[in-house]
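Visitor: structure, please.
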Amino acid sequence: MSRIGKLPIEIPAGVEVTINGNTVTAKGPLGTETVTVRPELSVEQADNHVYVKRNADDRKSRSLHGLSRTLVANAINGVKNGFEKKLEIVGVGYRAAMQGTTLNLALGYSHPINIEAPEGIKIEVEANTKIKISGHNKQMVGDIAALVRSKRPPEVYKGKGVKYEGEHIRRKAGKTGKK
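Guide: Residues are numbered from 1 along each chain as shown. Sure thing, here's the model as predicted:
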C-alpha cells in the first residue's frame, strides 16, 4: 500500500469538493481547480475527507496511487491557501518591474524581456530585485517561476542571474593570476 496514497485528504472549511466519476473539482476562495484521476484509481468522498483508492493491485495502479492523491491534495490546498515562489535577481543593473500584468526584466541583454502573467497567476515585484509569483495551481506557479529563472540562470563565478529565494549557488574559483 502506498504510504502517501492511503492518507485521507481533509477538506478545509470554505472549500467545496465535487466528484463526478474520476474528475475531482475543488472550488474555494482563490478559484476552481479540476483534476482528472486515471481510470486505474477511484475517488470517494466520506464525511469531511477525500480518499483515492486503487481498483487493482497491479504495478501501474500502485505507481499512480501516491501521485494522484498528491495532485488532488494540491488542488484542494491551492484553492484555499494558494502557492507561491519567490525569486531574487542578483547583478549590477539587473532589475524587474511590472507593467500591468506583464513582468519586464532587464537582465543585461540588449533588449528587455517581457513575460505575460497567465490567467490565475499573480506576479508582484518588491524592491526591483525580488519577484513573488503566486496562484492556486502549483504546477503553473512552478512553471512560470522556472521560465523567469531560465531567462538568466545564476552563473557559477559571480552568482549573477535570477535565482530562487534561499537557493544556494555553488561557486567556482576564478582564474589565478601569473605569479
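Visitor: might you calculate how far stretch 163-175 sits from the centre of the chain?
Guide: Using CA atoms, centre = their mean, to the nearest Å, the mean C-alpha position of stretch 163-175 is found 22 Å from that of the whole chain.
Visitor: and that stretch, which residues are buried?
Guide: Buried residues in stretch 163-175, defined by neighbour count with 16 or more other CB atoms under 10 Å: 163, 169. C-betas here are computed from N, CA, C, even on glycine.
Visitor: looking only at pLDDT, what's the mean for that stretch?
Guide: For stretch 163-175, mean pLDDT rounds to 89.
Visitor: same question for stretch 24-35.
Guide: For stretch 24-35, the per-residue pLDDT averages 94.
Visitor: hmm, who's touching it?
Guide: Residues outside stretch 24-35 that contact it (CB atoms under 8 Å, 6 or more residues apart in numbering): 12, 14-19, 23, 36-37, 43, 50, 68, 71-72, 75-76, 78-82, 120, 136-137.
Visitor: same question for stretch 5-20.
Guide: Contacts with stretch 5-20, where a contact means CB under 8 Å, 6+ apart, come from 24-29, 43-45, 48-52, 54, 65-66, 68-69, 72-73, 76-77, 79-80.
Visitor: among the contacts of stretch 24-35, name the ones in helices.
Guide: The members of those that map onto helices under DSSP state H are 68, 71-72, 75-76, 78-80.
Visitor: which among the residues you listed end up buried?
Guide: For the ones in helices among the contacts of stretch 24-35, a burial check counting by 16+ other CB under 10 Å picks out 68, 71-72, 75-76, 78-80.
Visitor: so where's this protein uncertain?
Guide: By pLDDT under 70, the weakly predicted segments of the chain are 1, 179.
Visitor: where do the helices sit along it?
Guide: In the chain, the helices defined using DSSP H lie at 59-80, 138-150.
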